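In: Have a look at this fold, sequence not included:
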């Protein structure tokens, strides 16, 4: 492995680790834990040197793993036997020098240094694993532990066991992503009629392809060197395996390929959603604003403000005597702003609709994450909306200038009416006491001034009051519009700060997780 | 049941056998009735145990107890590549099945019997009843690929003695999992297991799982170790005997067959089998041993199933509880939602309080005139009378509240269930839209509100009694009083008086004043409370129908007492 590859794998492991911290709490714990374990394993393996290739002989009991192990070394190191199961502890053989730290990391206690071995195998560490299918459960666990960490595997099966469920369904199929570092040996082929060997090999290859190994490499090996039937002898088979392993060692691809596949599958498991589909944040925002505006009674508040304006206009510019009689009523705005329980329910519904409007097709678990994030904000949103609504409704604008003029005019007219009334009353009193008949009443044309003042004041007051309703109505309508607009802006602002911005952070996490996973999988 | 595993002639009392049959049939149908479809941790084992037990009861015990004199069925089972077919051929002395090098070989079981015994196994006369009733029979040649692949191929030959049939079953451990199921079924129907393994395989985990079952059921068992390499016979037989003893199978017969010595060593097995076949006592002893063993194993196996059933019932109960809690909370939420007040459109409230206000002023004017005025006003303004308007607005809001809270609650149940064992699976079977209220709910809520409003009206009439006259005299009308009551239900003023009522808003305060004037404070408090309780009760009842949708999803899961029922039936069988 080149330094460049080494660094790249290390970076990818780091990306995977970073991705797991974003995935924690959002994805299934078991998936995240598995990814954390992979990241740690990759980094540990890289720390322990990359110039050795660890190849394991794996398979069911009695298939000849130990026999093949010994044959490759050229010495009786692992004890094959007739009693099942045989090998219980993994056993390593090293070509080209000792590597105690790596073996310690692999937790393989027994090792054998192959003296003056084949130079082509220099750098190879061959491990004889315990079986995967016997009643000895500990054997299977030890084998499975090592299957996780070795760089390359040779699966050793014989004609009796090549179609066993435990080999295919429990082990080879789950390793399909590592197809590049899997090799297969079919032992004891000389126990088969020679003519049948190709058929058995072909059947084995077919089953491997069913497991997801697109181009399986199968090495047939005989049990004995003296063959009764024609075909390759045992030594010839062993030579083929040795050459295959020499090639694995020489290419120095196995470790990279293994770690690459490990990182790839762990990273892919973190991205279950469709990362190419973006969350439609604009749709969410629009739906949330519409819903929140309805729940905040934007329209009704506009109406209430208009009504209040009309009333105040009437009170200031209406005919005074009438306004004195009219009862004071509470502000229509407060009734609306008070209501909360139902509005909260409506806001929740609006946020849920918003979530669903924007997460179509993005896939689990992020559609759920977005929805939960939005629903969790309904309380804050509802509080913020309420305080904003009160603010807007109260400060919707100063009273228009003409109110003051109209008010003064009405007071003036009322005063005139009063003066006229008093005057007329005085005249009436004079007349009633026969003091005089109108000695010095000024007249406007033919009508006496007090009469003009009294009736004119009344008529003008009513007229002004009626006329003032026209601008009041226009003003109230304008104010209602302005209130609605301001409220809507406020709602939008509140939705942005309380809902959209926090959601943006969640979506950033999603994008970052997808980016890191892509990086960890080595696709960027 | 009469336990009689003696060395010589045990026969079953026909009456006892019949009683056992009844109990077994009852147990079998009870087992069939309990669904185990939740994928809980122990579910696969419980399902497997149940299916096997049912297969064994229906496929072996019931027919066997009915026909105790039928010939013995010996089933040859074992690993792929262990040489079952070759052994069968060697035993019969005729190529009845086709051994091969491609694994797995035998897919269709082959049954070999003497012509005299044909009637027992051919399944031709259905009234006679037969072993393995659910498997079809064919008699074609060995390579007949056209025939039913699930059926048993029948080979009738006089080279095999009467009184015993042998059946070559598929493997137990290849990737073809259909083979395992069939093998398990056939072994379950055997009077005697002839279990074949090899020198390479005898310590494999999968065959030992089968042998452990044989031990549990105390079936008559013989083990054949095939393909022993030269010179290793003694060591391997010793090792295997030790393992068999460890598993409580010390009574099993053990036959080694050397690599290449099939014909010679198979003769030993054949002699042993023929010895049993030729002796009536031996045959009865084998049948009695297997039946006794199986019957004795029933409570233990049912216990496994019952454990699984209990876990399913627990999971179902937990899911049901979660749904209950969510819907109860939803009804509660409707209640508190009303506490916080209701946003009626202001002009509606304004008109209503104006109406209430004027009625105070026009206290003495007759009710009739009031109604006429209302109608005139309604025509002139093109609007309904204020009380009707309040009624409609209240109705719309309550309806909206009911629907939205239900929508949220449905999602709440889904969220809770996703976190509970089996919940996600149950939801997977749910129709789409389970996370929302029923589409019909809005219509139902509408109906509910209308009915509630009628009830409030009635309540006013009932409770008020003689005071109705007074209410009339206020020209407010019963409708007006009812509307005022509804407003009361939705404001915190419900039951409050004085300062707080005044703060709560003009309309509410006005209606409160009117109500108090008509009925007095205490009666108003009671009326408001009763109206509200009535509404909440109606909502809770409506939510019951929503919750029922979730209960429906759990309907076919076992009841809490199902496990005990199974254990009771199993105890009956073993008694």
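Out: That came through fine. The structure displayed is predicted, hence computed values, not measured ones.

In: Which parts of the stretch 1-150 of chain A are strands?
Out: A:53-58, A:91-94, A:110-113, A:124-128 (DSSP state E, counting those that start in this stretch).

In: In TSV: the ones you listed, plus distance to residue B:441, mean neighbour count and mean pLDDT.
Out: C-beta here means a position set from N, CA and C on the backbone, and glycine is covered the same way. Formatted as TSV, those follow (distance: least, CB to CB, whole Å; neighbours: other CB atoms under 10 Å in any protein chain shown; pLDDT from 0 to 100):
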stretch	distance to residue B:441	mean neighbour count	mean pLDDT
strand A:53-58	59	26	94
strand A:91-94	68	24	92
strand A:110-113	71	15	89
strand A:124-128	65	26	93
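
In: what's the closest of those strands to residue A:457?
Out: strand A:53-58 (110.9 Å; CB to CB).

In: Return the distance of that closest one from the chain's centre.
Out: Once both centres are worked out by CA atoms, centre = their mean, to the nearest Å, strand A:53-58 turns out to sit 39 Å from its chain's centre.

In: Over to stretch A:422-442?
Out: Worked out by CA atoms, centre = their mean, stretch A:422-442 lies 93 Å from the chain centre.

In: Just the terminal-to-terminal distance for it.
Out: 15 Å (CA to CA, to the nearest Å).

In: Helix, strand or coil: sort out residue A:440 for me.
Out: Under DSSP: H, G, I helix; E, B strand; the rest coil, the three-state class of residue A:440 is coil.

In: From residue A:419, how far off is it?
Out: 16 Å (CB to CB, to the nearest Å).

In: Counting neighbours, go ahead and name the busier of those two.
Out: Between residue A:440 and residue A:419, residue A:419 has the larger neighbour count (other CB atoms under 10 Å in any protein chain shown), namely 15 against 5.

In: Retrieve the pLDDT associated with the residue nearest to residue A:471 when sequence neighbours are not counted.
Out: Once flanking residues are discounted, residue A:471 sits nearest to residue A:402: 6.5 Å by CB to CB, 6 or more residues apart in numbering or on different chains. Residue A:402 is assigned a predicted lDDT (pLDDT) of 85.

In: and what of residue A:248?
Out: Note for residue A:248: predicted pLDDT of 90.

In: Now for it, how many residues are close by?
Out: With other CB under 10 Å as criterion, residue A:248 counts 23.

In: ok, and the closest non-adjacent residue to residue B:80?
Out: residue B:171 (3.6 Å).

In: One more: residue B:165?
Out: residue B:113 (3.7 Å).

In: picking that back up, any idea which of the strands of the stretch 1-150 of chain A gets closest to chain B?
Out: Counting by CB to the nearest CB, chain B lies closest to strand A:53-58 out of the strands of the stretch 1-150 of chain A; the figure is 15.6 Å.

In: what's in contact with that closest one?
Out: A:65, A:68-69, A:90, A:102, A:106, A:123-129, A:132, A:143, A:146-147, A:149-156, A:171, A:245, A:248-249, A:252, A:254-255 (CB atoms under 8 Å, 6 or more residues apart in numbering or on different chains).

In: Nearest the geometric middle of chain A, what residue?
Out: Computing the C-alpha centroid of chain A and ranking residues by CA atoms, centre = their mean puts residue A:366 first, at 3.7 Å.

In: ok, now which ones touch that one?
Out: Counted by CB under 8 Å, 6+ apart, residue A:366 has contacts A:273, A:279, A:359, A:510.

In: Can you report how many residues lie near the third one?
Out: This points to residue A:359. 22.

In: so who does it touch?
Out: Residue A:359 neighbours (CB under 8 Å, 6+ apart): A:279, A:280, A:366, A:367, A:370, A:371.

In: Can you classify the last one as helix, strand or coil?
Out: Going back to what we said before, that points to residue A:371. helix.

In: tell me the contacts of it?
Out: A:352, A:355, A:356, A:359 are the contacts of residue A:371 under CB under 8 Å, 6+ apart.

In: 10 Å - rerun?
Out: A:351, A:352, A:354, A:355, A:356, A:358, A:359, B:411, B:415, B:435 (CB atoms under 10 Å, 6 or more residues apart in numbering or on different chains).

In: for the second one, same thing?
Out: The neighbours of residue A:280, taking CB under 10 Å, 6+ apart as the test, are A:286, A:287, A:354, A:357, A:358, A:359, A:360, A:361, A:362.

In: Pretty sure the last one sits against residue A:273.
Out: Yes: with contacts counted by CB atoms under 10 Å, residue A:362 reaches residue A:273, the gap being 5.4 Å.

In: now the end-to-end length of stretch B:201-210.
Out: End-to-end for stretch B:201-210, by CA to CA: 13 Å.

In: and what of stretch A:392-402?
Out: 23 Å.

In: So residue A:113 sits against residue A:94, correct?
Out: Yes: shown here, residue A:113 and residue A:94 form a contact pair, counting by CB under 10 Å, at 5.4 Å.

In: Give me the mean pLDDT for stretch B:435-453.
Out: 93.

In: so does that stretch get close to chain A?
Out: Yes: Stretch B:435-453 is in contact with chain A by CB under 10 Å from any CB of the partner chain, via B:435, B:436.

In: Identify each buried residue in that stretch, please.
Out: Neighbour-count burial for stretch B:435-453 flags B:435, B:436, B:437, B:438, B:441, B:444, B:445, B:446, B:448, B:449, B:452, B:453 (criterion: 16 or more other CB atoms under 10 Å in any protein chain shown).

In: Over to stretch B:517-524?
Out: Buried residues in stretch B:517-524 (16+ other CB under 10 Å): B:517, B:518, B:519, B:523, B:524.

In: Please, where are all the strands along the stretch 301-450 of chain A?
Out: Going by DSSP E, counting those that start in this stretch, the stretch 301-450 of chain A shows strands at A:443-444, A:447-448.

In: Compare the mean pLDDT across those and name the weakest.
Out: strand A:443-444 - the lowest mean pLDDT of the strands of the stretch 301-450 of chain A, at a mean of 79.

In: which residue ranges form the helices in the stretch 201-350 of chain B?
Out: Listed in chain order, the helices of the stretch 201-350 of chain B (DSSP state H, counting those that start in this stretch) span B:205-217, B:233-246, B:262-278, B:280-339, B:346-361.
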